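Novice: next come a sequence and a model predicted from it.
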Amino acid sequence: MNPDALRKATPEEQFEEVTRGTVDLHVPEDLKKKLQRSYDKGKPLIIKAGFDPSRPDLHLGHTLLLTRMRRFQEFGHTVVFLIGDFTALIGDPSGKNAARPPLTREQVKVNSETYKQQVFKVLDPDKTVVKFNSEWLDALGTEGMIRLAARYSVQRMLERDDFKKRYRENTSIAIHEFLYPLLQGYDSVALKADVELGATDQLFNLLVGRQLMKEEGLEPQVIMTGPILEGLDAKLVDGVITGNKMSKSLDNYVGIDEPADNIFGKLMSITDDLMWRYYKLLSSMPLKQVLELEEKTKSGEAHPKAAKVAFAQEMAARFQGEEAGRKAAEDFEKRFAKKELSTEDLPLVEISLAGAEKLLVTKLLPETKFVASATEARKMMGQGGVKVNGEKVTDPKAELGAGEYTVQVGKLKVTRVKLS
């Protein structure tokens, strides 16, 4: 590692960037000390993040953690992308109301390869160390596993919210599930991690790792958890971004393997308030510049559309390449700025008529996620903000039959809708 890479930003500047959007930070002073020591000695920190290979298809919400890892990489630190192939045989119980079915080793192997193909769209492969925790957990053996299990009591395990809830509801908790936090914690001991990153529902497991490191006489890792990303349909309510988490099952997601035009189009459909939330959590733009840009748009000095185009292009380029991102932005300008409303490559929303011949437009619009309710749909229609195949629709009783349509709400939100 070139020591100069660690010195391109001061410890204070690094701290500001790597902690942006953090929910839990244990302990801030420890992180500052580690960053300062790394800066002074030119020695990179070891940044650990574990991934469960049971969910190999990633969307934008999953990349929050990868984005934070990338920020550490940009400051010259060593990122360990840890694939939990051994722990996947147990199944992570975090946040679950029932035991998760374990995977076979063959399933884990296939999913791990898919994972690696996707994560390097965010992480720099030349600066990433890929590890499998079976490397050291397989070697523990029965005696080592028993010694590890003796470190924690059942009472301590029941402090976890998910275990506590299942215990109170008399829902089964298998013995092997108690092992998961201990094994994840032991990963930190094996790697001698300086920092471990995770989602908020992983906090207990991460704290176990910190404690195990102390017991092994190692300097304990700093723990950083990040938020769960809200989906495309989230809105500002009473000053707070509110909505369901990004999820494929809720169809409010951006898949990182989607075509660039889809990524671009979906991100252009979000509200301006949600755009700033995404900017702060996902963009590679320094936080100071993001805040300056946000202030300029609010004061009227800059247009929010330009900011949204820049963000959408950045995300499309990140996952599908610079050329694809640039072309997606150009195609958007042709379609919308020049009003050449080609339907090619627009996202497609499929809606079932459920046996009916027609569907009210006021009921169709919430399905596109462009409006939150039929009430909001009627309001937009009354304001002349709804078009179907280029024609304004203002009648709240308007219906559409089976077929494919181009539906536009406002100036920027456009999609294809297939009714069947």
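Specialist: Structure's in. What do you need?
Novice: ok, the residue most central in space within the chain - contacts?
Specialist: For the chain, the residue nearest the mean C-alpha position is G61 (2.0 Å; C-alpha atoms, centre = their mean). By C-beta atoms under 8 Å, 6 or more residues apart in numbering, the contact set of G61 is I228, L229, G231, K245, M246, S247, Y253. From N, CA and C alone the C-beta is placed, and that goes for glycine too.
Novice: what ranges does the stretch 151-300 of the chain have for its strands?
Specialist: 195-199, 222-226, 235-237, 240-242 (DSSP state E, counting those that start in this stretch).
Novice: okay, now the unreliable bits of the stretch 101-250 of the chain?
Specialist: 101-102 (pLDDT under 70).
Novice: report the contact partners of the nearest residue to V119 once chain neighbours are set aside.
Specialist: For V119, ignoring the flanking residues on the chain, the nearest one in space by C-beta to C-beta, 6 or more residues apart in numbering is L66 at 5.9 Å. Counting by C-beta under 8 Å, 6+ apart, L66 touches V119, V122, L123.
Novice: the first one: what's it in contact with?
Specialist: To tie it back to what came earlier, the one meant is V119. Each residue near V119 by C-beta under 8 Å, 6+ apart is listed here: F51, L58, L66, F81.
Novice: what is the burial count for S134?
Specialist: Using other C-beta atoms under 10 Å, S134 is surrounded by 17 other residues.
Novice: hang on, isn't it packed against L82?
Specialist: No: using C-beta atoms under 8 Å, S134 is not in contact with L82, being 10.8 Å away.
Novice: and for the closest residue to T10 other than its chain neighbours, the neighbour number?
Specialist: Spatial nearest neighbour of T10, excluding adjacent residues (C-beta to C-beta, 6+ apart): Y39 at 7.1 Å. For Y39, the neighbour count with other C-beta under 10 Å is 19.
Novice: doesn't Y39 belong to a helix?
Specialist: Yes: counting by DSSP: H, G, I helix; E, B strand; the rest coil, Y39 is found in a helix.
Novice: next one: it from P28, what distance?
Specialist: In this view, Y39 and P28 are 16 Å apart by C-beta to C-beta, to the nearest Å.
Novice: next SSE downstream of the helix or strand containing N111?
Specialist: Assigned by DSSP states H and E, N111 falls within helix 105-119. Sequence order places strand 128-132 as the next helix or strand after helix 105-119, per DSSP H and E.
Novice: which one of the strands of the stretch 151-300 of the chain lies closest to G384?
Specialist: G384 lies closest to strand 235-237 among the strands of the stretch 151-300 of the chain, at 21.4 Å (C-beta to C-beta).
Novice: so which other helices or strands are in contact with that closest one?
Specialist: When contacts are defined as 3 or more C-beta pairs under 8 Å, 6 or more residues apart in numbering; DSSP states H and E, strand 235-237 packs onto strand 240-242, helix 272-282.
Novice: adjacent strands (with direction) for that strand?
Specialist: Note on strand 235-237: by DSSP bridges, its sheet partners are strand 240-242 (antiparallel).
Novice: contacts for the partner strand?
Specialist: Taking C-beta under 8 Å, 6+ apart as the rule, strand 240-242 contacts E230, A234, K235, L236, D273, L274, R277.
Novice: give the buried residues for stretch 370-390.
Specialist: For stretch 370-390, the neighbour count (16 or more other C-beta atoms under 10 Å) marks F370, V371, A374, E376, A377, R378, M380, M381, G385, V386, K387, V388 as buried.
Novice: filter those residues down to the ones in strands?
Specialist: Applying DSSP state E to the buried residues of stretch 370-390, the entries found in strands are V386, K387, V388.
Novice: so which of the helices and strands packed on strand 235-237 gets nearest P304?
Specialist: It's helix 272-282; of those, that one is closest to P304 (C-beta to C-beta) at 4.7 Å.
Novice: mind listing what's buried along that closest one?
Specialist: L274, M275, W276, R277, Y278, Y279, L281, L282.
Novice: mind putting the ones in strands among the buried residues of stretch 370-390 into TSV with pLDDT and distance to L45?
Specialist: Output for those, formatted as TSV (pLDDT from 0 to 100; distance: C-beta to C-beta, whole Å):
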residue	pLDDT	distance to L45
V386	93	52
K387	91	53
V388	91	54
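Novice: re earlier: could I get the buried residues of helix 272-282 in CSV, plus columns for pLDDT and distance to L206?
Specialist: Below are the buried residues of helix 272-282 laid out as CSV (pLDDT from 0 to 100; distance: C-beta to C-beta, whole Å):
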residue, pLDDT, distance to L206
L274, 96, 28
M275, 96, 30
W276, 97, 28
R277, 95, 24
Y278, 97, 25
Y279, 97, 27
L281, 94, 19
L282, 94, 22
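Novice: of those residues, closest to G198?
Specialist: Checking these against G198 by C-beta to C-beta gives L281 as the nearest, at 15.2 Å.
Novice: what sits against that closest one?
Specialist: Contacts were defined as C-beta under 8 Å, 6+ apart; by that measure L281 touches R20, G21, L64, T67, G226, P227, L229.
Novice: T200 too?
Specialist: T200 touches V23, D24, T225, G226, P227, I228, counting by C-beta under 8 Å, 6+ apart.
Novice: among those, list the two that are farthest apart in space.
Specialist: D24 and I228 (12.7 Å).
Novice: any idea how far apart the tips of stretch 143-158 sit?
Specialist: With C-alpha to C-alpha, to the nearest Å applied, stretch 143-158 spans 24 Å between its terminal residues.
Novice: list the contacts of it.
Specialist: 140, 163-164, 167, 178-179, 181-183, 186, 208, 212, 215.
Novice: redo that, cut-off 6 Å
Specialist: F163, K164, Y167, F178, L182 (C-beta atoms under 6 Å, 6 or more residues apart in numbering).
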